[in-house]
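[1] just coords:
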């Protein structure tokens, strides 16, 4: 998907809302796996995105965990139910 970069995100350093790679998605086997990974990420200092809406931040019929990696790339783990 291509999106127009907002002017506030055009200058360095890297930000997940800037032009270029900004989002990676992976498949998880279940909600239980998402919960396990969520705990592990928190213990390693990763920043969860949309934590107040976990596990349905992507919508009521979409089960996923979103977080930001150390390079500020959004990472999404999706569990198909």
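    Looks like it arrived, so ask away. Because the structure is predicted, anything quoted here is derived from the model rather than measured.

[2] got the contact list for the spatially closest residue to residue 26 that is not a sequence neighbour?
    Residue nearest to residue 26 in three dimensions, not counting chain neighbours: residue 77, with 5.3 Å by C-beta to C-beta, 6 or more residues apart in numbering. The C-beta positions use only the backbone N, C-alpha and C, and glycine is treated the same way. For residue 77, the contact set (C-beta atoms under 8 Å, 6 or more residues apart in numbering) comprises 25-28, 33-34, 37, 64-65.

[3] Quick check: bridge partners of residue 77?
    For residue 77, the beta-bridge partners under DSSP bridges are residue 26, residue 65.

[4] Please tell me how far it sits from residue 23.
    12 Å (C-beta to C-beta, to the nearest Å).

[5] All the helices of this structure, residue numbers only.
    Along the chain, counting by DSSP state H, helices occupy 31-43.

[6] Do you know the pLDDT at the closest residue to residue 38 other than its chain neighbours?
    Spatial nearest neighbour of residue 38, excluding adjacent residues (C-beta to C-beta, 6+ apart): residue 65 at 5.5 Å. Residue 65 is assigned 97 on the pLDDT scale.

[7] And for residue 65, the neighbour number?
    Residues contacting residue 65 under the criterion other C-beta atoms under 10 Å number 26.

[8] Specify which member of the contacts of residue 77 is nearest to residue 73.
    Nearest to residue 73 among the contacts of residue 77 is residue 25, at 11.1 Å by C-beta to C-beta.

[9] Correct me if wrong: residue 67 contacts residue 46.
    Yes - taking contacts as C-beta atoms under 8 Å, residue 67 lies within contact range of residue 46: 5.1 Å.

[10] Can you tell me the centre-most residue of this structure?
    Computing the C-alpha centroid of the chain and ranking residues by C-alpha atoms, centre = their mean puts residue 66 first, at 2.9 Å.
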